[in-house]
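Peer 1: give me a model of this one.
(4 chains)
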2 protein chains.
Amino acid sequence: MNEKPLSESTEMYLKALAELSAREPVAVARLAERLGVTPVSANEMVHRLDEQGLVSHKPYKGVALTKKGREIASDVLRRQRLWECFLFDHLNIEWAQIYEFACSLEHATAPEVTEALAVFLNHPKTCPRGNPIPEQDGSFEPLNGAPLSEAEVGSVVTALAVNATATDVLKYLQERNILPGREIEIVEAAPMRGPLTLRVEGKEVVLGLSLAEFVIVK
Amino acid sequence: MNEKPLSESTEMYLKALAELSAREPVAVARLAERLGVTPVSANEMVHRLDEQGLVSHKPYKGVALTKKGREIASDVLRRQRLWECFLFDHLNIEWAQIYEFACSLEHATAPEVTEALAVFLNHPKTCPRGNPIPEQDGSFEPLNGAPLSEAEVGSVVTALAVNATATDVLKYLQERNILPGREIEIVEAAPMRGPLTLRVEGKEVVLGLSLAEFVIVK
DNA sequence: GTTGATAATAAGGTCAGCCATAATATTATT
DNA sequence: AATAATATTATGGCTGACCTTATTATCAAC
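Peer 2: So this is what the prediction gives:
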């Protein structure tokens, strides 16, 4: 593998792309939004990544990871999610905060540390947010589910994963018991892409569609 | 406490100062050397730190940490050394590498994580390099020892700590069994500040004076 | 096909932390 | 007191990743 030192920013872009879409191109604007930068800045950065061969940007069509980029992104996700496991299972850090904390640690983690951590944790398959942890070779089984926002009204589904990254969003979902493993009944969907009414753990909660998109269910 | 976000660079400078001297001013050139930057760059940075009230720089006299700077440095050292414990005791990372790896992690560690880590590790008092781990309030008992380079010929001492930070230096010392807890006999000191001849674990080793300065013994 | 929204590009600016080179200041030594 | 060695300051430059404010392309919808 090529072990050139990648900047923290590069890692964040690749990770965001991997999280936003397994394969289809992502609009630069969406990327900018998730990373909290202006579309112009994201565009610049995407150019740089394109030149490095990490992404392929087709103007007006979106950005996608190249093979090389996807490999690196897998590696970043592996580190990220292993740390999430450690923080949650061993340090008892609050669920909503682990993404944020793991994210910082991830950038600072040498390969030796990553693998030693995997051994220590006994090679977990998923992180506390329900997402799969890529193997060392980059492989992992994608989640077999769909966003809660697309679930049928009246059905009862099981949350598989929560794909949000912002701590306040995670906190909001945690408070409403929308966590991996929980059963969720879709009681009602307001018209015109309005919020969903759900029943979770016996309680009714109302959830905006954009938040529901973060929740992967089956 | 003031929780302004300090840059990685700032943390490195404060840490280096804390490691180089508990109290007496340190020459800017020495600081530059340890941090691997040019004296001019170190000077600039020292100016910035002075303006922030973290150090006090008396031209031609040296730099020293202020109270505020020392507090932050303690915090940084705490994080650094807690990670060293984790990496060594739980991840079984090679002794010579833990400083380097812990250093990266340190910068990326939130206070909540630091304290959770301290609990997880059961509040260790020293790191694997033998250095004390500051308490949350910044207090710690300084090492009661002196550099090996100042030990008397013929005496037998015990290594308390190894203050080196560069991985290759640590590796060199590790290979010669110069590790915290080991007994060291000073067999001979070459004239004109030449190298020391030591007996460690039954074997004779020759050690340059500048390396011997890193080893704190009693 | 024209138009309005969205996407992309261009141009110029900021900031931290480094760099080199050159000019001064200070200290220490003779 | 002169000088050599060392410290400091001055100046100007670079880089990555961001920013704002135009301007120009393209797509999608009527």
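
Peer 1: quick one: contacts for residue A:10?
Peer 2: Counting by CB atoms under 8 Å, 6 or more residues apart in numbering or on different chains, residue A:10 makes contact with A:49, A:52, A:54. For glycine as for every other residue, the C-beta is placed from the backbone atoms N, C-alpha and C.

Peer 1: helix or strand for residue A:184, just tell me which one.
Peer 2: Taking DSSP states H and E as the criterion, residue A:184 maps to strand A:183-189.

Peer 1: ugh, wrong one, I meant residue A:104
Peer 2: helix A:95-107.

Peer 1: would you put the C-alpha positions of the next helix or strand after that helix in CSV?
Peer 2: Counting by DSSP H and E, the next helix or strand C-terminal to helix A:95-107 is helix A:111-120. Extracted C-alpha coordinates of helix A:111-120, given in CSV (Å, rounded to 0.1, in the frame of the first residue of the first chain):
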residue,chain,number,x,y,z
PRO,A,111,-1.7,1.3,11.4
GLU,A,112,0.1,-0.6,14.2
VAL,A,113,-2.3,1.0,16.7
THR,A,114,-5.3,0.2,14.6
GLU,A,115,-4.5,-3.4,14.3
ALA,A,116,-3.6,-3.7,18.0
LEU,A,117,-6.9,-2.1,18.8
ALA,A,118,-8.7,-4.6,16.6
VAL,A,119,-7.1,-7.4,18.5
PHE,A,120,-7.9,-5.8,21.8
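
Peer 1: list the buried residues for helix A:111-120?
Peer 2: A:113, A:114, A:116, A:117, A:118, A:120 (16 or more other CB atoms under 10 Å in any protein chain shown).

Peer 1: how far does it sit from its chain's centre?
Peer 2: With CA atoms, centre = their mean, to the nearest Å as the basis, helix A:111-120 stands 21 Å off its chain's centre.

Peer 1: just the local confidence number for residue A:3, please.
Peer 2: Looking at residue A:3, its pLDDT is 58.

Peer 1: export stretch A:48-57 to PDB, keeping only CA atoms.
Peer 2: Extracted C-alpha coordinates of stretch A:48-57, given in PDB (Å, rounded to 0.1, in the frame of the first residue of the first chain):
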ATOM      1  CA  ARG A  48      -7.200  18.500  -5.300                       C
ATOM      2  CA  LEU A  49      -8.500  15.000  -4.500                       C
ATOM      3  CA  ASP A  50      -9.200  14.400  -8.200                       C
ATOM      4  CA  GLU A  51      -5.700  15.400  -9.100                       C
ATOM      5  CA  GLN A  52      -4.400  12.900  -6.500                       C
ATOM      6  CA  GLY A  53      -6.500  10.200  -8.000                       C
ATOM      7  CA  LEU A  54      -8.600   9.700  -4.900                       C
ATOM      8  CA  VAL A  55     -12.000  10.800  -6.400                       C
ATOM      9  CA  SER A  56     -13.400  11.300  -9.800                       C
ATOM     10  CA  HIS A  57     -15.400  14.500 -10.300                       C
END
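
Peer 1: and the contacts of residue A:10, which is the shakiest by pLDDT?
Peer 2: residue A:52 (93).

Peer 1: ok, it - contacts?
Peer 2: residue A:10.

Peer 1: quick check: residues of chain A near DNA strand C?
Peer 2: By CB under 7 Å from any atom of the strand, the part of chain A that sits against DNA strand C consists of A:27, A:28, A:29, A:39, A:40, A:43, A:47, A:57, A:59, A:60, A:61, A:62.

Peer 1: out of these, who's near DNA strand D?
Peer 2: Within these, those near DNA strand D by CB under 7 Å from any atom of the strand are A:40, A:59, A:60, A:61.

Peer 1: any chance of JSON lines for those, columns distance to residue A:74?
Peer 2: Shown next, in JSON lines, are those (distance: CB to CB, whole Å):
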{"residue": "A:40", "distance to residue A:74": "29"}
{"residue": "A:59", "distance to residue A:74": "26"}
{"residue": "A:60", "distance to residue A:74": "28"}
{"residue": "A:61", "distance to residue A:74": "23"}
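
Peer 1: now those in a markdown table, with pLDDT?
Peer 2: Below are those laid out as a markdown table (pLDDT from 0 to 100):
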| residue | pLDDT |
| --- | --- |
| A:40 | 96 |
| A:59 | 92 |
| A:60 | 94 |
| A:61 | 93 |
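
Peer 1: just to revisit the earlier point, make a markdown table from the buried residues of helix A:111-120 and add pLDDT and distance to residue B:174 to it.
Peer 2: As requested, the buried residues of helix A:111-120 are exported to a markdown table (pLDDT from 0 to 100; distance: CB to CB, whole Å):
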| residue | pLDDT | distance to residue B:174 |
| --- | --- | --- |
| A:113 | 97 | 18 |
| A:114 | 97 | 23 |
| A:116 | 98 | 18 |
| A:117 | 98 | 22 |
| A:118 | 98 | 25 |
| A:120 | 98 | 22 |
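
Peer 1: contacting residues for the nearest residue to residue A:109 once chain neighbours are set aside?
Peer 2: Spatially, and ignoring its direct neighbours in sequence, residue A:109 is nearest to residue A:79 (4.9 Å; CB to CB, 6 or more residues apart in numbering or on different chains). Contact partners of residue A:79, counting by CB under 8 Å, 6+ apart, are A:105, A:106, A:109, A:114.
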